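S.K.: Quick one, structure for this:
(chains A, B and C)
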Amino acid sequence: MRSLGWLRLPLIGAFTFLYIPIAVLVVMSFNASKVPFVWTGFSTRWYGELASNDLIREGLINTLIVAVGATVLATILGTLIAIGVARYVRSSVLEAYSLAPAIIPDLVLAIGLLAFFSLVGVTLSLFSVLLAHVVFGMAFVAAVVIARLGQTDPSLEEASRDLGASAVATFIRVTLPSLGPAILAGALLVFTLSIDEFVVAFFTDGPSTPTLPIVIYSMVRFGVTPEINALATLLLLVSFTIVISAQRITRLTDAV
Amino acid sequence: MLTASRTSGRGAARRRALTAQAVFTGPGLIYITLFMSIPVLLVLVYSFFERGRFGGITWNFTLDNYARVLEPVYLNVFGDSLVIAGVTTIIALAIGYPTAYAIARLPTQWRSIALVMVVLPFWTNFLIRTYAWIVLLNSEGPINSSLVDLGVISAPIGMLYTPGAVIAGLTYAYLPLVILPVYASVERLDRQLLEAASNLGASRARVFLDVTLPLTLPGAMIGAIFVFVPSLGNFVVPELLGGGKTVMVGNLIRDQFLEARDWPFGAVLALLVIALLVFLFAMQAMIARRINGISRA
Amino acid sequence: MTSTTVDPGDAREILLSVSSVSKAYGPVRALDDVSLEIWRNEFFALLGPSGCGKTTLLRAIAGFEDLDGGSITIMSGEGPDAASDDLLALPPNKRPVNLMFQSYALFPHMSVRKNIAYGLEREGVARAEVAARVSEVLATVGLEDKASSRPAQLSGGQKQRVALARAIVKRPRLLLLDEPLSALDRKVRAEMQIELKRLQSEVGITFVVVTHDQEEAMSMADRIAVMDGGRVQQVADPVTLYGQPANVFVAGFIGSGTLIPGVIDGAGLRALGRHIPIADTRGLAGAAVLMLRPEQVRLVDSGEIALLDGEVVETHFYGGSSTTSIRVAGLDNPVIASQPGAPVHLVGERVGITWDSSSSVLLAVGP
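M.R.: Next comes the predicted model:
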């Protein structure tokens, strides 16, 4: 750190800026007082209140349904298209197209899907949210897998074919195993994205099946409450764990 | 006797290759086209038609929606949005560029930790991150309380529900997206170019101005786009931190689709955002090509 | 193509003096008490296998590596005004030494002209003079028509000439070149060797080239420092290095040949079970190694008087000359003999090996 000299200042400043709001939330969640900002003591009561909040529980279940379903579909589609782009078709236009859903502003995607669903006659529900999450989820999986394929040697697959394995066997025995960690990391990222995603869900969800972010949104609009602090802390914990796991997995990949 | 076999020979090989291509890219392509391209095209189409009575559209072709955009009310909103997004981008770059540069200079083992720590907040719930600022900036919140306790101010300042709060919230949301591309371009910088410049007589400041800055500009521009465009299209932050007093393009779009039910007009606004995105990307690509000396000549 | 041997009667001026320089990376001694002198206007080469320390020394002179110990001084001025400057006290951007990088390190976002002008602009040279000197050096390297091009549009050889021009235009006292020809393909390499020699004498700058290619060093340099394991093994002109290597390492690294280990025994070497007479044992005693260059070795038919004998295992014909490899009992590597024209003896033949004992060179064991 010493060699950075004056650069240490913006570095520490940036990290402080990024983490102080989070730290405040976490600290506040353990505040015994009902009145926020006045610290009366350590307490975990708000976590308890969370658990008994029906609306939140419902939101959580809905969110998990969407997240799990979207993750499965997005991982399959994303992996397939990534392999297609990196090994078979090799067109940069196709690659850009497969990554486009991640770049497009979420609001634009949201209204587009709203228009599309209503035109086609799909009733808004968790299913429509799931379909929406898959489209940008697969782009993230594709990005991770394409990057991994860029690092691995295509001649491994050619060698497998040369030694007599069929295309299917090569895919199962050579391609997939080396991609395993990347696919897993991509899946974890989609899962996290889906749990936290608000804008697209807001436009494509049905009124009676809110996802957790939508529940949070309506709660937050009313102001600061202690339960939200607790919920926020828990969600942060979940996200942190998932991201760090994904990072660990891809670093194990680097060693391969 | 040789018979042309359907499972061997050049024709069959080509068929197999095509099948493989179709199997792998087909499902994804269809899905993206169905759930991204067609919806976006739909938005384009809608912008040329009139609104329906209960939302949706009536199929009467018109360019009125585009004309409406030019009304002063909406131009003001655009102006405000561009200013707020612009200030956010500048602040994000001011914090993000030195941070990314510093991370690239860290010893290797610290670098990945630093990067993960930068990215971590980005992968958490966006609403929660914005909510954290409501907590922070609140008149009874920690910032105000500490300032009052320290005697710096006598009464809490109204920091929430101001454009400043919106800028703070937007910067907070998108800062990681600046740091990553800038870091990538600093990291890719050929160290020998820096040594060459130094060897030719350049001081450390000049090495930065003459070599580092121009060559990391493309990456910084990508970072800037990643902050600027999403900031424009964001409606959560202006609503929660701006208290509805700051109206940005994102809020407009959301209102047209969910409240006013004027989808065609909302479509026009959304298209403007996309057009801006495409334009900025094209400019970035052009400048990047000029800097790296790659030309079509 | 060897340059003329330096006449020791010439009073050569020393330009750069390296004294007892050391640098370690953890347990690895990249430079171990290295000392040498480089003369004004000479074409000097640092030669050695990778990891021998030559690049570290080069970078230390340029200012991109810090040394653990020792000093480097450079002479400035001429004759009575000559003064010795402590090079290490100067920051890298203030040293009168310019470096041509192996990868050329051309600024991709600047034109060829701007690349070359960059160093002069940093010195604060007036605009008009900058333009004049840049044009002049562009003509010298033959790239006038590429002045407005970008590095990405140039071929390997052209990029190298720009890198060279960029360094030369500043008229440094010393020009360091890091593996200048390694990135070029063979034909261009041969041309560039001639180019570099011509440029060096025309421009009158002292060149120090770092290379692992001994043929390159031998054909271009006036004097060569052979390095291995962070130490200088020998500093001499190419002819001396070839004919009178200081030790086994230099003998093996420079040129090709045969090394016969043995023990000094009176006026000769006891090796391979026999006594080999040697004219000049150079005061050595104990274990020693006899070096035979291929052109010294003569082959005679089996049965005639010879110093050694063996069986031919390989022959190679190069058009104007050929080499013959003979396996001799007791030697790990075959003895190599070269002769003009086609090989005389065929594979499988038994032959006798002889040479003029007054021209054979004896080497001490160990570096």
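
S.K.: now chain B, which segments are flagged as low pLDDT?
M.R.: Along chain B, the model assigns pLDDT under 70 to residues B:1-9, B:53-56, B:294-297.

S.K.: what sits against the residue in the stretch 51-200 of chain A that chain C sits nearest to?
M.R.: The minimum distance from the stretch 51-200 of chain A to chain C, using C-beta to the nearest C-beta, falls at residue A:92 (18.9 Å). C-betas here are computed from N, CA, C, even on glycine. Residues in contact with residue A:92, defined by C-beta atoms under 8 Å, 6 or more residues apart in numbering or on different chains, are absent; none qualify.

S.K.: likewise residue C:195?
M.R.: Counting by C-beta under 8 Å, 6+ apart, residue C:195 makes contact with residue C:161.

S.K.: Next, the buried residues of the helix or strand it falls within.
M.R.: Here residue C:195, judged by DSSP states H and E, is contained in helix C:186-203. By 16 or more other C-beta atoms under 10 Å in any protein chain shown, the buried positions in helix C:186-203 come out as C:188-189, C:192-193, C:195-197, C:199-200, C:203.

S.K.: Check the gap between the residue nearest the centre of chain A and residue B:270 for me.
M.R.: The centroid of chain A falls nearest to residue A:193 when counting by C-alpha atoms, centre = their mean (2.0 Å). Taken as C-beta to C-beta, to the nearest Å, the spacing of residue A:193 relative to residue B:270 amounts to 21 Å.

S.K.: circling back to that earlier point, just the CA trace of the helix holding residue C:195, in CSV.
M.R.: In CSV, the C-alpha atoms belonging to helix C:186-203 read as follows (Å, rounded to 0.1, in the frame of the first residue of the first chain):
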residue,chain,number,x,y,z
ARG,C,186,15.5,-14.4,-40.6
LYS,C,187,15.8,-12.4,-43.8
VAL,C,188,15.0,-9.1,-42.2
ARG,C,189,17.3,-10.0,-39.3
ALA,C,190,20.3,-10.3,-41.6
GLU,C,191,19.5,-7.0,-43.2
MET,C,192,19.0,-5.3,-39.9
GLN,C,193,22.4,-6.5,-38.6
ILE,C,194,24.1,-4.6,-41.5
GLU,C,195,21.8,-1.6,-40.9
LEU,C,196,22.7,-1.4,-37.2
LYS,C,197,26.4,-1.6,-37.8
ARG,C,198,26.2,1.1,-40.5
LEU,C,199,24.0,3.3,-38.3
GLN,C,200,26.3,3.0,-35.4
SER,C,201,29.4,4.1,-37.2
GLU,C,202,27.5,6.8,-39.1
VAL,C,203,25.8,8.3,-36.1
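
S.K.: Closest approach to chain C from the stretch 1-150 of chain B, which residue is it?
M.R.: Counting by C-beta to the nearest C-beta, the stretch 1-150 of chain B gets nearest to chain C through residue B:107 (14.9 Å).

S.K.: That residue: neighbouring residues, count only.
M.R.: Applying the criterion other C-beta atoms under 10 Å in any protein chain shown, we find 8 residues in the vicinity of residue B:107.

S.K.: By proximity to chain B, which residue of the stretch 51-200 of chain C wins?
M.R.: With distances taken as C-beta to the nearest C-beta, the stretch 51-200 of chain C approaches chain B most closely at residue C:150, which sits 2.9 Å away.

S.K.: Against residue C:60, how distant is residue C:87?
M.R.: When distance is defined by C-beta to C-beta, residue C:87 is 9 Å away from residue C:60.

S.K.: Give me the common contacts of those two.
M.R.: Listed as contacting both residue C:87 and residue C:60 by C-beta under 8 Å, 6+ apart are residue C:72.

S.K.: re the thing from before, list the contacts of the residue of the stretch 1-150 of chain B closest to chain C.
M.R.: Residue B:107 makes contact with no residue, according to C-beta under 8 Å, 6+ apart.

S.K.: Distance of it relative to residue B:189?
M.R.: From residue B:107 over to residue B:189 (counting by C-beta to C-beta), the distance is 17 Å.

S.K.: Going along the chain, name the helices of chain C.
M.R.: Along chain C, counting by DSSP state H, helices occupy C:54-62, C:112-123, C:127-141, C:156-168, C:186-203, C:214-220, C:238-243, C:248-253.

S.K.: Show me the shaky parts of chain A.
M.R.: Segments of chain A classed as low confidence (criterion: pLDDT under 70) are A:1-3, A:34-38, A:223-224, A:252-256.

S.K.: Residue C:323: neighbouring residues, count only.
M.R.: Using other C-beta under 10 Å as the criterion, residue C:323 is surrounded by 18 other residues.

S.K.: count of neighbours near residue B:162?
M.R.: Applying the criterion other C-beta under 10 Å, we find 17 residues in the vicinity of residue B:162.

S.K.: Next, give phi and psi for it.
M.R.: Torsion angles at residue B:162 (phi, psi; degrees, to the nearest 10) stand at phi -130, psi 160.

S.K.: Skipping its backbone neighbours, what lies nearest it in space?
M.R.: Nearest in space to residue B:162, with sequence neighbours left out and distances taken as C-beta to C-beta, 6 or more residues apart in numbering or on different chains, is residue B:242 at 7.4 Å.

S.K.: what about the one you found, distance to residue B:81?
M.R.: Residue B:242 sits 11 Å away from residue B:81, taking C-beta to C-beta as the criterion.

S.K.: Also residue A:43?
M.R.: In this view, residue A:43 and residue B:81 are 42 Å apart by C-beta to C-beta.

S.K.: Look at those two and report which has more neighbours.
M.R.: Here residue A:43 and residue B:81 are set side by side on neighbour count (other C-beta under 10 Å), and the busier one is residue B:81, at 23 against 14.

S.K.: Checking the more buried one next. Helix, strand or coil?
M.R.: Taken by DSSP: H, G, I helix; E, B strand; the rest coil, the conformation at residue B:81 corresponds to helix.

S.K.: what sits against it?
M.R.: Shown in contact with residue B:81 (C-beta under 8 Å, 6+ apart): B:232, B:248-250.

S.K.: can you rerun that using 10 Å?
M.R.: B:231-234, B:238, B:246-252, B:273 (C-beta atoms under 10 Å, 6 or more residues apart in numbering or on different chains).

S.K.: Just flag the most distant two among the residues you listed.
M.R.: Considering C-beta to C-beta, no two members of the contacts of residue B:81 lie farther apart than B:246 and B:273, which are separated by 17.2 Å.

S.K.: tell me, what residue is most central in chain C?
M.R.: Of the residues in chain C (compared using C-alpha atoms, centre = their mean), residue C:217 is nearest the centre, at 3.3 Å.

S.K.: And it, how far from residue A:170?
M.R.: Plainly put, residue C:217 is 49 Å away from residue A:170 if you go by C-beta to C-beta.

S.K.: For chain B, just list every one of the helices.
M.R.: Defined through DSSP H, the helices belonging to chain B, from first to last, are B:10-32, B:38-46, B:64-69, B:72-105, B:108-119, B:126-137, B:142-149, B:163-188, B:191-199, B:204-207, B:213-233, B:236-242, B:249-258, B:263-292.
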